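Participant: model this:
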Amino acid sequence: MGESDLAIEILTDFFDAVEAGILQARQRLKETKVEDKPKWDPNQIKWVEAEGTHGKYERSEDVDNLNFKELMKDLEGHQGKLSRDDFFYWRFEKSAVIGRKKRSK
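Facilitator: You can find the predicted model right below:
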């Protein structure tokens, strides 16, 4: 076996090991991936119909509700706006009020 054959064999073994490591890392990431599901349920929040400059929407001031509090935290982490399922949610500035409107498709 010549030096070039040995070098090719060593590189092949190295590439096989790297490939196995990558596959194992991908598998572990899939297994440990935490679903990005919010801790809040909008159906457990009291919503009141309202109308603003952009039409009808729903608003909530249900500040004692744990789901409301979790939604508020989630909104704060998304610069005050986010979409989930069929709704767009936003936080009113300088108040403990959340609005939501059905997204148009």
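
Participant: tell me the average confidence for the top helix by length along the chain?
Facilitator: The residue-count maximum for a helix in the chain (DSSP state H) belongs to helix 3-32. Helix 3-32 comes out with an average pLDDT of 86.

Participant: Beyond that helix, next helix or strand please.
Facilitator: Counting by DSSP states H and E, the next helix or strand C-terminal to helix 3-32 is strand 48-52.

Participant: Name every strand pairing with that next one and say which way it goes.
Facilitator: strand 55-60 (antiparallel) (DSSP bridges).

Participant: Check the offset of the strand it pairs with from the chain's centre.
Facilitator: Averaging C-alpha positions (Cα atoms, centre = their mean, to the nearest Å) puts strand 55-60 24 Å from its chain's average.

Participant: Quick check: buried residues in it?
Facilitator: Buried residues in strand 55-60, counted by 16 or more other Cβ atoms under 10 Å: Tyr57, Glu58, Arg59, Ser60. Heads up, the C-betas are built off the backbone N, CA and C, glycines and all.

Participant: from the residues you listed, which single one is nearest Asp41?
Facilitator: Ser60 (12.6 Å; Cβ to Cβ).

Participant: Look up which residues are beta-bridged to that closest one.
Facilitator: Following DSSP bridges, Ser60 is listed with bridge partners Ile98.

Participant: confidence score at it?
Facilitator: For Ser60, pLDDT reads 98.

Participant: cool, Glu76 as well?
Facilitator: pLDDT for Glu76: 94.

Participant: excluding its backbone neighbours, what's nearest it?
Facilitator: Residue nearest to Glu76 in three dimensions, not counting chain neighbours: Arg91, with 7.2 Å by Cβ to Cβ, 6 or more residues apart in numbering.

Participant: Same question for His54.
Facilitator: Leaving aside its chain neighbours, His54 sits nearest to Lys101 (7.8 Å; criterion: Cβ to Cβ, 6+ apart).

Participant: contacting residues for that neighbour?
Facilitator: By Cβ atoms under 8 Å, 6 or more residues apart in numbering, the contact set of Lys101 is His54, Gly55, Lys56, Tyr57, Glu58, Phe87, Phe88.
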